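Colleague: Whatever this is, show me its structure:
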Amino acid sequence: MNNQISSLEFTHFPVMLNEVLKISSLSSNKSFIDCTFGGGGYSKEILKFSNTTVLAIDRDKKAFKIAKELEKKFPHRFKFYQTKFSQLETISKENVDVVIFDLGLSSIQLDDLERGFSFKSNKKLNMTMGLNEISALDAINNLSEKDLKLIIKILGDEKEASKIAKNIVEQRNIKRITNTIDLVKIIEKSKKKNYSSKINPCTKTFQAIRIFVNKEITELINGVIHATKKLKPGGKILVISFHSLEDRIIKYFFTNFSKNQTRPSRYLPENKATKAILFDEYKNKVFRPSKDEVEQNNRSRSAKLRFAIRSSNDFEYPKDVIKKFKKYLDLEAINA
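Modeller: Below is the predicted model:
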């Protein structure tokens, strides 16, 4: 074990770190891709084991600064690329033992109020994770009422999306919407008060706009496809998700492209596979953070961890996952 990086301080709490390390069967000489480097929590722990190698990516420029410190300490074992999931296939030709995704926002992003992710501060509308084509400012002020409604309803699962979209357009016709507090006031005006709900009335709309601006569903689907192609036979892909749509995509991907499709139940005869078999039998086990972890890091409370094991079959592009989630991909392709 090598403890030479313990002096590095990160503000990011790696969610379910112990579970990730256990599932990864972390040991010396293994190769990893950390697809959401953030503050370096997972990479830091992996590099404590001798001769492990980590290829890390993140679209956030702040992650780049932290990663450069690790590159100096481990020039032959750690390499960082500032890029998106969809570009994963282009950065390395070698296959690896483990690929890790920790989706959603990092503490670095949430705690930086200037990024405009939080509805609890009055900052400029932004919500960009990095390498973006548009910001929340563009989306809120340029999208049609129809598109806003669809984005808020489908990506945010917001029942009152129609009224919120209508009020956004009415307000921006009077004055351009520039700050988070402006959007908060519109949402609160649009929604019926629900005193029994523990969820802030702005949560779903902010989530929807953030997903749209960062094309999170497009990046996720492309990311897990490219990551699967990068795995050695028997290699593992681990994904931590934070909302139901992300989890639904991962569950579908792991289940429908595994050996489960040939025998959906042990009581039924084996069928011929109709889709590519990319994974061994998927057990549909979901890991959640412990009570102690949630108390230490409240942001982990909604996290779900799933993993799958790469089969020995040749890689075939899983077209069905694109078809299954086409409506979300089409939404993210709308120009703002």
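Colleague: How about residues contacting the helix or strand where Lys44 lies?
Modeller: Lys44 is located in helix 41-46, with elements delineated by DSSP states H and E. Contacts of helix 41-46 with the rest of the structure, by CB atoms under 8 Å, 6 or more residues apart in numbering, involve 5, 8, 10, 12-14, 17, 20-21, 24, 26, 30, 32, 34, 37, 52, 54, 56, 70, 78, 100, 102. C-beta here means a position set from N, CA and C on the backbone, and glycine is covered the same way.
Colleague: Quick one, which of those are buried?
Modeller: 5, 10, 12-14, 17, 20-21, 24, 26, 30, 32, 34, 37, 52, 54, 56, 70, 78, 100, 102 (16 or more other CB atoms under 10 Å).
Colleague: so Leu220 sits in a helix?
Modeller: Yes. Under DSSP: H, G, I helix; E, B strand; the rest coil, Leu220 falls within a helix.
Colleague: Enumerate every residue touching it.
Modeller: Phe85, Phe101, Leu103, Glu246, Ile249.
Colleague: per-domain residue ranges of the protein.
Modeller: With domains defined by automatic domain parsing, the chain comprises 17-108+217-318, 116-214.
Colleague: and of those, who's closest to Ala333?
Modeller: Ala333 lies closest, by CB to CB, to one member of these: domain 17-108+217-318, at 7.7 Å.
Colleague: how far out from the middle of the chain is that closest one?
Modeller: Offset of domain 17-108+217-318 from its chain centre (CA atoms, centre = their mean, to the nearest Å): 10 Å.
Colleague: I'd like the mean pLDDT over that domain, please.
Modeller: Per-residue pLDDT values across domain 17-108+217-318 average out to 93.
Colleague: before we move on, the earlier item: right, and the domains of the chain - which one's nearest Lys327?
Modeller: Lys327 lies closest to domain 116-214 among those, at 6.8 Å (CB to CB).
Colleague: picking up where we left off before, save the domains of the chain as a markdown table, and put in distance to Glu332 too.
Modeller: Shown next, in a markdown table, are the domains of the chain (distance: least, CB to CB, whole Å):
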| stretch | distance to Glu332 |
| --- | --- |
| domain 17-108+217-318 | 5 |
| domain 116-214 | 6 |
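Colleague: Now stretch 198-214: buried residues?
Modeller: For stretch 198-214, burial by neighbour count (16+ other CB under 10 Å) applies to 201-202, 204-214.
Colleague: Would you tell me which one of those residues comes nearest to Thr255?
Modeller: Proximity of the buried residues of stretch 198-214 to Thr255 (CB to CB) peaks at Ile211, which lies at 22.8 Å.
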